[in-house]
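Participant: Got a predicted model here, sequence first, then my questions.
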Amino acid sequence: MNVGSSGVSGSRSLSDIRDALTTKSASIFVLAAEDGDVDTDLNAGYGVFFNDTRFLDRCSLRLGGKPLAVLLSSAEDNESVCELTNPEFQLRRGQTVGKNRIGIRRERRLDEEVIETVTVTNFGSTELTTSLEFGFAASFESMFAIRGAERDKRGKLHEPRWDGDCLRFRYDGADGRRRTTTLRFSPAPSSHSASSATFQVRLAAGASTALRVTAELRDEGQGELETSPGHRRSKLLREVTVETDNPFFDRALTRSFDDLRTLVTRQKQETFFAAGVPWFVALFGRDSLITALQTLAYDPSIAAHTLELLAKYQGDKVDDYRDEQPGKILHELRVGEMANLEEVPQTPYYGSVDATPLFVVLMAEYLRWTGDLALWKRLRPNVERALEWIDNFGDSDGDGFLDYSTRSSRGSRNQGWKDSGNSIRNRDGSLAEPPIALVEVQGYVYRAKLDAAWLFEQDGDEGLGARLRAEAEELRSHFENAYWMPDRKYLAVALQKDGRQAQCVTSNPGQALWSGIVSPEHAGSVVEVLMSDAMFSGWGVRTLAKGEVAFNPIDYQVGSVWPHDNSLIAAGLRRYGYHDQASRIFSSIFEAAAHFERSRLPEVFAGFPRELYPAPVRYPVACSPQAWSAGALPYLLQSALGLVGKATAAELEVRQPALPDWLHEVSISNLSVGRGRIDLKYRRSGGTTFVAVKRREGEVNVQIEE
């Protein structure tokens, strides 16, 4: 996903959000400074957000007219806390209040509303009277406008209005919806101005007092009222438990699962994993599918829900503005004012070349883990339509490869997972020309056709299965002749206009390993390049090799490191038997996680060599938390454990498990395969990983290939 524009034009640069306090609950999320202040004058990315709209631009706190000093701040899930104190300041009567005399605890909790509690304590030895002032502002900007999109229309922004002890901001959108932020105070403020509330605080020595501000966010139109549902403790990803002998890894894995639960979002009566906070709190097809694949062994219900939701929005017509075609799986769905006015095509937008084959892959993997034939039969028409899209719409130039060209006037130039406008390059640094057929996407199609063949064979449709297998093998037979670069002993990132190779060395062929399309004869060379110093930074595989003309370690997708990309690459390495190299990637991503706050893997980080800095260099506007980054460690672990679901055969296969050298014992309990439940214990000794079945219930056998 392109943070800068995501397919819409504009020039506003986003501000650094690396140190933001980020909280989220259901449809509401907040980005604030380390002192808890929200102020877009200081950072264009901060705010209180709901339904793709910023409902508060400013929520600032001052004591005696002065900003506060930060002692400590932290954010977890739907709550944040800031411990603050005062600088030296003058009272009205000329008295000087020394610094650190007053303690201020600022707590924010997101539920159906945003609730802020401020506790003020006088740590001095004499009585103190001073003022505490909140400042507010709201412009109700669309997330697309915040990210730089130009607006065609704008509604009416009303002046702030006090109604008794409540302050109300109101915007009547050009889309016919009324959006309001209502602030309630307890106790009532001593005084107020148009957009501020002031409390006179009188405290004896050692005394404390507490104030509360509650923000109610409403999105209302055409008889429909939307508010955020209350905060609920998600039940997702809680059935399967993992314990290891490495407490640091346990902490990072727990953080991954917690982040995924935090990203559960509800909009328009639908629940899904948001792709990432803050820029992508929305439904994304590719991200949802990959996250579901990453977590399938831990909670298959995520995959089931993802498949059903994306099937609901499957394309049914040709609509160039939205890059929609029959059978295509959506890329992005937005709900804010610009989407409602169709100033942007994300209503939904279908500009993703890979979501459709990944939909088929996830359907097959889900069935392998669950044996849920009922869902397969229900979604078989959707799988058939997805395959029809691949065959009838996906190959624009007739060369046998799935490609893309943007039709929408406001669409994304690039439509693979590397979708920034500059991500697909030639060796001389120039941009590849459409139509563009990405190397990893051909692997997705290859795997999708093999998976679809297996799915149809479960229904007894052997003829269709045989046809699809033949099509997959035909694709594979032409693939390497078209993509192989003999002088670089590697696969080109893409084919472009006139069938020419885009000859950069990138991470994309690593995902081709994941699909299995690469021949064994060439796999070793691909692995060698992936693990070379040019590609492997020490913290992970880069998106683009150091030494390429376009390489930039701090650009979004031409030299950076993406955790989710590395998780798929590592799985691909294991598929071809390169377990040591896969363990090296697993280790690097885990070690990178340990350097980020709360062991949270961000969306992306810089691709500088590890020897230059003691920690991975953070990318300024990376989403954090982000769904498929949160899924990276669980998927890396699943690959290392060798877990392969075969529910239709009532079997769990443990295929060549290989733990990294920092992980000696792993217990995974309550694994679900079909109707069976399994507990496994892994032990690494002398470089070999051993597996024991500790519990087996129901109709399932365990086959271990060590």
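Facilitator: Perfect, thanks for sending it. Just so we're clear, the structure is a prediction, and the values are computed from it rather than from any experiment.

Participant: contacts, neighbours, all on C-alpha from now
Facilitator: Fine.

Participant: ok, which stretches of the stretch 251-400 of the chain are helices?
Facilitator: Remark: helices assigned in the stretch 251-400 of the chain by DSSP state H, counting those that start in this stretch are 285-294, 300-312, 337-340, 355-370, 373-392.

Participant: In a markdown table, list the ones you listed along with mean neighbour count and mean pLDDT.
Facilitator: Formatted as a markdown table, these follow (neighbours: other CA atoms under 10 Å; pLDDT from 0 to 100):
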| stretch | mean neighbour count | mean pLDDT |
| --- | --- | --- |
| helix 285-294 | 26 | 99 |
| helix 300-312 | 20 | 98 |
| helix 337-340 | 23 | 96 |
| helix 355-370 | 26 | 99 |
| helix 373-392 | 18 | 98 |
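
Participant: which stretch among those helices comes nearest residue 705?
Facilitator: helix 355-370 (18.1 Å; CA to CA).

Participant: tell me the contacts of residue 359?
Facilitator: Contacts for residue 359 (CA atoms under 8 Å, 6 or more residues apart in numbering) come out as 289, 307, 329, 383, 386.

Participant: ditto for residue 681
Facilitator: Residue 681 touches 665, 666, 667, 668, 691, 692, 693, 694, counting by CA under 8 Å, 6+ apart.

Participant: quick revisit: okay if I get the helices of the stretch 251-400 of the chain as a markdown table plus distance to residue 191?
Facilitator: Shown next, in a markdown table, are those (distance: least, CA to CA, whole Å):
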| stretch | distance to residue 191 |
| --- | --- |
| helix 285-294 | 48 |
| helix 300-312 | 49 |
| helix 337-340 | 34 |
| helix 355-370 | 55 |
| helix 373-392 | 60 |
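
Participant: how about the strands of the stretch 501-650 of the chain, start to end?
Facilitator: For the stretch 501-650 of the chain, the strands defined by DSSP state E, counting those that start in this stretch occupy 501-502, 643-646.

Participant: Of those, which stretch is the most buried?
Facilitator: Neighbour counts (mean count of other CA atoms under 10 Å) averaged over each of those peak at strand 501-502, with a mean of 26.

Participant: For my notes, confirm residue 72 occurs in a strand.
Facilitator: Yes - assessed with DSSP: H, G, I helix; E, B strand; the rest coil, residue 72 lies in a strand.

Participant: buried ones in stretch 407-417?
Facilitator: Neighbour-count burial for stretch 407-417 flags 407, 408, 410, 411, 412, 413, 414, 415, 416, 417 (criterion: 16 or more other CA atoms under 10 Å).

Participant: Kindly export that stretch (C-alpha atoms) in PDB.
Facilitator: This file holds the C-alpha atoms of stretch 407-417, laid out as PDB (Å, rounded to 0.1, in the frame of the first residue of the first chain):
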ATOM      1  CA  ARG A 407      -7.600   1.800 -16.000                       C
ATOM      2  CA  SER A 408      -8.900   4.200 -13.300                       C
ATOM      3  CA  SER A 409      -8.000   7.900 -13.600                       C
ATOM      4  CA  ARG A 410      -7.400   7.800  -9.800                       C
ATOM      5  CA  GLY A 411      -6.100   4.200  -9.500                       C
ATOM      6  CA  SER A 412      -2.800   2.800  -8.300                       C
ATOM      7  CA  ARG A 413       0.000   2.600 -10.900                       C
ATOM      8  CA  ASN A 414       1.300  -0.600  -9.400                       C
ATOM      9  CA  GLN A 415      -1.100  -3.300  -8.300                       C
ATOM     10  CA  GLY A 416       1.000  -6.000  -6.600                       C
ATOM     11  CA  TRP A 417       1.900  -5.900  -3.000                       C
END
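
Participant: Measure how far it is from the centre of its chain, please.
Facilitator: 19 Å (CA atoms, centre = their mean, to the nearest Å).

Participant: Provide a list of residues in contact with residue 459.
Facilitator: For residue 459, the contact set (CA under 8 Å, 6+ apart) is empty.

Participant: Could you find the closest non-adjacent residue to residue 685?
Facilitator: Nearest residue to residue 685 in three dimensions, chain neighbours excluded: residue 664, at 7.2 Å (CA to CA, 6 or more residues apart in numbering).

Participant: wait, isn't the one you found in contact with residue 245?
Facilitator: Yes - taking contacts as CA atoms under 8 Å, residue 664 lies within contact range of residue 245: 6.5 Å.

Participant: Of those two, which one has the most company?
Facilitator: A side-by-side neighbour count of residue 664 and residue 245, using other CA atoms under 10 Å, places residue 664 first with 17 against 14.

Participant: what's in contact with stretch 213-223?
Facilitator: Residues outside stretch 213-223 that contact it (CA under 8 Å, 6+ apart): 50-51, 55, 112-117, 176-186, 225-228.

Participant: Next one, pLDDT for residue 43 please.
Facilitator: Looking at residue 43, its pLDDT stands at 85.

Participant: cool, residue 231 as well?
Facilitator: pLDDT, residue 231: 67.

Participant: Over to residue 65?
Facilitator: Taking residue 65 on its own, its pLDDT is 90.

Participant: Check residue 14 too.
Facilitator: On pLDDT, residue 14 comes in at 61.

Participant: Would you check that residue 162 makes contact with residue 170?
Facilitator: No - with contact defined as CA under 8 Å, residue 162 does not reach residue 170; the gap is 11.5 Å.

Participant: Pull the number of nearby residues for the closest residue to residue 192 other than its chain neighbours.
Facilitator: Take residue 192 and drop its neighbours on the chain: the residue closest to it by CA to CA, 6+ apart is residue 198, 5.8 Å away. Close neighbours of residue 198, defined as other CA under 10 Å, add up to 19.

Participant: Make sure I have this right: residue 198 is in a strand.
Facilitator: Yes - the assignment for residue 198 (three-state DSSP) places it in a strand.

Participant: Residue most distant from the centroid, the protein?
Facilitator: Within the chain, residue 93 marks the point farthest from the mean C-alpha position, 52.8 Å out by CA atoms, centre = their mean.

Participant: you'd agree that residue is in a strand?
Facilitator: No - going by three-state DSSP, the assignment for residue 93 is coil, not a strand.

Participant: Kindly provide the distance from residue 39 to residue 396.
Facilitator: Per CA to CA, to the nearest Å, residue 39 is found 47 Å from residue 396.

Participant: Compare those two and say which is more crowded by neighbours.
Facilitator: Taking neighbours as other CA under 10 Å, residue 39 and residue 396 compare with residue 39 leading, 23 against 17.

Participant: in stretch 630-650, what's buried?
Facilitator: Residues of stretch 630-650 classed as buried: 630-648, 650 (neighbour count, 16+ other CA under 10 Å).

Participant: What are the boundaries of the helices in the stretch 101-250 of the chain?
Facilitator: For the stretch 101-250 of the chain, the helices defined by DSSP H, counting those that start in this stretch occupy 143-146, 247-262.

Participant: which of these sits most buried?
Facilitator: Greatest average neighbour count among those goes to helix 143-146 (a mean of 22), per mean count of other CA under 10 Å.

Participant: Redo the contacts of residue 681 as JSON lines? Include neighbour count, pLDDT and secondary structure.
Facilitator: As requested, those are exported to JSON lines (neighbours: other CA atoms under 10 Å; pLDDT from 0 to 100; DSSP: H, G, I helix; E, B strand; the rest coil):
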{"residue": "665", "neighbour count": "18", "pLDDT": "99", "secondary structure": "strand"}
{"residue": "666", "neighbour count": "20", "pLDDT": "99", "secondary structure": "strand"}
{"residue": "667", "neighbour count": "17", "pLDDT": "99", "secondary structure": "strand"}
{"residue": "668", "neighbour count": "18", "pLDDT": "99", "secondary structure": "strand"}
{"residue": "691", "neighbour count": "20", "pLDDT": "98", "secondary structure": "strand"}
{"residue": "692", "neighbour count": "13", "pLDDT": "98", "secondary structure": "strand"}
{"residue": "693", "neighbour count": "13", "pLDDT": "98", "secondary structure": "strand"}
{"residue": "694", "neighbour count": "12", "pLDDT": "98", "secondary structure": "strand"}
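
Participant: can you redo those as JSON lines with distance to residue 436?
Facilitator: Formatted as JSON lines, the contacts of residue 681 follow (distance: CA to CA, whole Å):
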{"residue": "665", "distance to residue 436": "45"}
{"residue": "666", "distance to residue 436": "43"}
{"residue": "667", "distance to residue 436": "44"}
{"residue": "668", "distance to residue 436": "42"}
{"residue": "691", "distance to residue 436": "44"}
{"residue": "692", "distance to residue 436": "47"}
{"residue": "693", "distance to residue 436": "47"}
{"residue": "694", "distance to residue 436": "50"}
